[in-house]
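Asks: just need the structure, nothing else, for what follows:
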Amino acid sequence: MKRLGVVAVMFMMYAVAGAQNATMPFYANDENKRDVVSFTSKAPLETIVGTTGDIVGFVEVDPNNVSGAIRARFEVDLTTVKTGIGLRDQHMRDQYLETDKHPKAVFEMIKVVEASQNMLEEQKAIELTVEGTFSVHGITKMITIPLTITYRKESEATRAKLPGDLLRIEGTWQILLSDYKIKRPQFVLLKLDEMQKVHIDVFASTGSPAVSFASKSE
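Replies: Residues are numbered from 1 along each chain as shown. Have a look, this model is predicted:
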């Protein structure tokens, strides 16, 4: 009887440990490039918006403990960003972002600072404030940004988008070009403001192919 009691206690301990580590992996890897990443720059005569759908990444989250157990990393291919003018895109890549040396922008989450609620619920948006690193142009900085995540359980409707359960990740933040040692273009139409806006709208899925990264750096 005593032995059975020990076994029962051990079983309960394993069950609790398993529950504490019950994270769900969501992968952003849409082969149709339907996700949206944009960089908005103000210039004297126009607002320039560079966009791409070339983003890959993952979110690992405990659906019952969002703020306590969540990891995320996303990489954007800057060589695919387009502003609508080919020559401008070439100048942006070659002279300012120097994508031959620094082809990726990378965000890696470190922790959740604040969450509007702690449990994933069907179609209910959760507002997060997260801390992490943002790397671009060979420079990595710690940043704190707002994100919104919305969970959708797999259904016939969601399968038209991606297989598996879905997690939509949205966020907008600002960076200073000087923080990342990016020169400001000085042409008349390209004399950009120092402040740039970054926006992401990404769908990650439990049914998408797993994403792995060659290294932690860009």
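Asks: what helix or strand does the closest residue to residue 47 other than its chain neighbours sit in?
Replies: Distances taken as Cβ to Cβ, 6 or more residues apart in numbering place residue 40 nearest to residue 47, at 6.5 Å, with adjacent residues excluded. Every residue, glycine included, has its C-beta placed from N, CA and C. Per DSSP states H and E: residue 40 is located in strand 36-42.
Asks: show residues contacting the helix or strand just after that strand.
Replies: For strand 36-42, the succeeding helix or strand toward the C-terminus, using DSSP H and E, is strand 47-52. With Cβ atoms under 8 Å, 6 or more residues apart in numbering as the test, strand 47-52 has contacts from 33, 36-42, 76-78, 80-83, 88-89, 92, 190, 192.
Asks: what comes up buried for strand 47-52?
Replies: For strand 47-52, the neighbour count (16 or more other Cβ atoms under 10 Å) marks 48, 50-52 as buried.
Asks: all helices for this structure, in order.
Replies: Under the criterion DSSP state H, the chain carries helices at the ranges 2-20, 86-91, 156-159.
Asks: distance check, the residue most central in space within the chain against residue 46.
Replies: Of all residues in the chain, the one closest to the mean position by Cα atoms, centre = their mean is residue 74, 4.3 Å from it. According to Cβ to Cβ, to the nearest Å, residue 74 stands 28 Å off from residue 46.
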